[in-house]
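Asker: Predicted structure and sequence below. I'll ask about it afterward.
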Amino acid sequence: MTDSSKSAVHARWRELAAHGGAAALIAAVVLFLFQEVISTLGFQSRESFWLYFRVQQYAVELFAGHFPPRVFPDAVAGGGSAFPFYHPPLAYWLSALVGLFTDNTVAGVNASFLLSVLLSGWAMYAMGMALTGRRWLAVMSASLYIALPYRFVDVFVLGALEEAWTFVWYPLILTGAWWTATRERLAWLLPFSVAALLLTHAVLALYFLGLCALLLVGCRSWLDWRGAGRVAAGGALGGAMTLWHFLPSRLALQDVWAGVPEVMRSTPAMVHGHRVRPWQWFDEDPNRWNGISTFGPDSMCFALGEGQWLVLLLAAGAHVVLAWRGQVEGDARLTSLAKTLAVLWVGCLVFMVAPLPFLRVLPSVFSSIQYPWRMLSVTAFLSIAATGLFLARAPILPRLGRVLAGAAVVLALATPPFQRVNSLVWDWDDTELNPWTLRRNGASGFTAWGEYLPRSHTVKQWASRVSRPVAPPEGIRVLSADRDGSRLSARVDAPQGGPLVLPLVAYGFYRASRDGEEALETFSEQGLLGVRLLPGQYTLTVEPGSTTAEQVGAWLGAVALGLVLVLSASTRRRAPAPALPGSGGPG
């Protein structure tokens, strides 16, 4: 090996060691800030204990080999609820897998929250390195990103598992879009991150991707139509990769209560009733960290954090001064990106204060956000990303950069204790996830409003409807029955055949078969699932199966995945874009 080769190898190892050190530092900050969530005890949040019930039901279905899970088998007195069929599943899959790995669902959910914060910090670090190449700036951005006030509200107050995981995908989407826009090929990270965000939280994905479309417009000074089209195509392919879930669930949405805006509190007037008052951005009263949202002034804490205002204003101000003096350096495209992100940040704040004018113009699906303060997860990303990109072009020496990164770490570690204290319930652990507790608390399908129950009955009627004894018709005998998750197997004796009604909530995805081979017709009998038996004695099997829409969505998703692999495999790269006029050249 030549001396130059040895030097290159040593340089690579030094670079990997530096990345490892930065990752370890971020992990240490996360563990310090969120140590309260590391527990085998459940904690009380706005989600109550339904979050643990839902994850346990996902784990039951995954362990039974039902992938993807489509129903909670123990909900509604054992009648089942189709939450997994309609709801974005990725955060629950990840949590259930962690729970199965640890053999403790409660610990798995808590660990999932911790992982969401840790991975989001690493994702922000990766974005900082990919866009700026400055490690101190990447560490600073990651430290602030994991310590903004809403991160603690999201975990400890809301118990919002899905929202917590959205923080992971925002930096990866922007990184993938940047690579796609600045190279003559599609970066696979873009469509995969878009798909992950959609499968984590569809509503926040709708808003964030809409902001990304505005971001493309804001960067039109350096991004040509071909580059913008490539980014848009990457996002569209990411959306197409999720059609296996969204195509069947959206088509069937009108059958359940979730399709009624009034039930879901997703009318423009209701969203406006939960608007944020501007003074709440600055309010860090400890008494507000356990608040519950009401139709009056929200008592929950929506503080943006003084640090968020301060660092963004200082970074933007420093950039203005340096640009006026002609002292900016580096890639001029970062300035355009930073300005657009800052404008979008302000726009999100305006939306949270006055959502009604926006919702009157936007399609009705945007009202599904329910609470405009959910945009705080997006503003957290926009503000920190804009701050980092403004500073990226400042002529800051590495030594001063390390001081700034250290200051950001200290600022993160100085988070007030009341913001990061968990409401643990001392006597509530994994043993509480037993059949008795599940049946007792599952009347509405482990959600507050029972939105995924069919509209053929009111939510309050479903548990009693399922619990009523269902006697087989004369001439039909059920010799034995067994359930494995959502799979029901029964040995039946039907000399003449006939209809058999089962104590299961009727959903269109259920499939029935005779001895596991011959398909049997299913129907709905006053909301319960019925099967038309053929004459004879055999084993009847009823379990969720794929629908036609699901199969079509899977094929379309497979085609989209194939296109992503083909387009991202291209080795052609685009030359760096020229500098913006008057902003300094690339460096």
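Answerer: Perfect, thanks for sending it. Numbering: from 1, shown residues only.
Asker: Identify the nearest residue to residue 267 in space, disregarding sequence-adjacent positions?
Answerer: Once flanking residues are discounted, residue 267 sits nearest to residue 261: 5.0 Å by CB to CB, 6 or more residues apart in numbering. Quick note: C-beta positions are derived from backbone N, CA and C, even for glycine.
Asker: could you measure the one you found against residue 554, distance?
Answerer: Counting by CB to CB, to the nearest Å, the gap from residue 261 to residue 554 is 29 Å.
Asker: Now do the strands in this protein.
Answerer: 477-484, 487-494, 498-505, 510-514, 518-525, 528-533, 536-544 (DSSP state E).
Asker: where in the protein is pLDDT low?
Answerer: Along the chain, segments meeting pLDDT under 70 span 1, 3-4, 290-299, 426, 571-587.
Asker: run the last query once more with 50
Answerer: Scanning the chain with the threshold set as pLDDT under 50 gives 295, 573-587.
Asker: picking up where we left off before, tell me the contacts of the residue nearest to residue 267?
Answerer: Residues near residue 261 by CB atoms under 8 Å, 6 or more residues apart in numbering: 267, 364, 367.
Asker: same check, this time on residue 304
Answerer: 148, 149, 150, 281, 282, 376, 379, 383.
Asker: I'd like to know how many residues surround residue 427.
Answerer: Using other CB atoms under 10 Å, residue 427 has 8 neighbouring residues.
Asker: no wait, residue 424
Answerer: By the measure other CB under 10 Å, the count of residues near residue 424 is 15.
Asker: Dig out what it forms beta bridges with.
Answerer: Beta-bridge pairing of residue 424 under DSSP bridges involves residue 43.
Asker: Pretty sure it sits against residue 40.
Answerer: No: counting by CB atoms under 8 Å, residue 424 does not reach residue 40; the two are 9.8 Å apart.
Asker: Spit out the contact partners of residue 337.
Answerer: In this structure, residue 337 makes contact with 131, 178, 215, 219, 389, judged by CB under 8 Å, 6+ apart.
Asker: In PyMOL, how would I select just the buried ones from these?
Answerer: The buried subset of the contacts of residue 337, as determined by 16 or more other CB atoms under 10 Å, is captured in PyMOL by this line:
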select buried, resi 131+178+215+219+389
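Asker: so which of the contacts of residue 337 would you say is closest to residue 450?
Answerer: Residue 450 lies nearest to residue 215 out of these, by CB to CB, at 37.9 Å.
Asker: about what we covered before: make a markdown table out of the strands of the chain and add mean neighbour count and distance to residue 342.
Answerer: Shown next, in a markdown table, are these (neighbours: other CB atoms under 10 Å; distance: least, CB to CB, whole Å):
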| stretch | mean neighbour count | distance to residue 342 |
| --- | --- | --- |
| strand 477-484 | 12 | 54 |
| strand 487-494 | 18 | 53 |
| strand 498-505 | 21 | 49 |
| strand 510-514 | 19 | 51 |
| strand 518-525 | 14 | 53 |
| strand 528-533 | 21 | 54 |
| strand 536-544 | 18 | 47 |
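Asker: and the residue most central in space within the chain, what does it touch?
Answerer: With distances taken as CA atoms, centre = their mean, the residue of the chain nearest its centroid is residue 200 (2.8 Å). Counting by CB under 8 Å, 6+ apart, residue 200 touches 88, 90, 91, 162, 165, 166, 169.
Asker: Can you report how many residues lie near the nearest residue to residue 141 once chain neighbours are set aside?
Answerer: Nearest in space to residue 141, with sequence neighbours left out and distances taken as CB to CB, 6+ apart, is residue 388 at 4.3 Å. By other CB under 10 Å, the residues close to residue 388 number 28.
Asker: these two touch, right, residue 388 and residue 125?
Answerer: No: contact criterion CB under 8 Å: residue 388 and residue 125 do not qualify, at 10.5 Å.
Asker: who touches both of those two?
Answerer: 138, 141.
Asker: hmm, back to that, just name the closest of the contacts of residue 337 to residue 493, please.
Answerer: Taking CB to CB as the measure, residue 215 is the one of the contacts of residue 337 closest to residue 493, at 64.8 Å.
Asker: Longest helix in this structure, please.
Answerer: Using DSSP state H, we find that the single longest helix of the chain is helix 3-33.
Asker: From the contact counts, what lies against that one?
Answerer: With contacts taken as 3 or more CB pairs under 8 Å, 6 or more residues apart in numbering; DSSP states H and E, helix 3-33 sits against helix 105-132, helix 135-145, helix 398-413.
Asker: again, only this time at 6 Å
Answerer: Packed against helix 3-33 by the contact rule (3 or more CB pairs under 6 Å, 6 or more residues apart in numbering; DSSP states H and E) you find helix 105-132, helix 135-145.
Asker: Would you mind pulling up the elements that the first one packs against?
Answerer: In other words, helix 105-132. Using 3+ CB pairs under 6 Å, 6+ apart, helix 105-132 sits against helix 3-33, helix 50-63, helix 90-102, helix 135-145, helix 161-182.
Asker: Same list, those helices, but as a markdown table with distance to residue 471 please.
Answerer: Output for the helices and strands packed on helix 105-132, formatted as a markdown table (distance: least, CB to CB, whole Å):
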| stretch | distance to residue 471 |
| --- | --- |
| helix 3-33 | 57 |
| helix 50-63 | 28 |
| helix 90-102 | 36 |
| helix 135-145 | 59 |
| helix 161-182 | 41 |
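Asker: ok, for residue 108, nearest residue in space, not its chain neighbours?
Answerer: residue 99 (2.7 Å).
Asker: Distance of that neighbour relative to residue 66?
Answerer: Applying CB to CB, the value for residue 99 to residue 66 is 16 Å.
Asker: Residue 477 too?
Answerer: In terms of CB to CB, residue 477 sits 28 Å off from residue 66.
Asker: quick one: contacts of stretch 373-385?
Answerer: 141, 144-145, 148, 150, 163, 166, 170, 208, 276, 302, 308, 312, 341, 344-345, 348, 352 (CB atoms under 6 Å, 6 or more residues apart in numbering).
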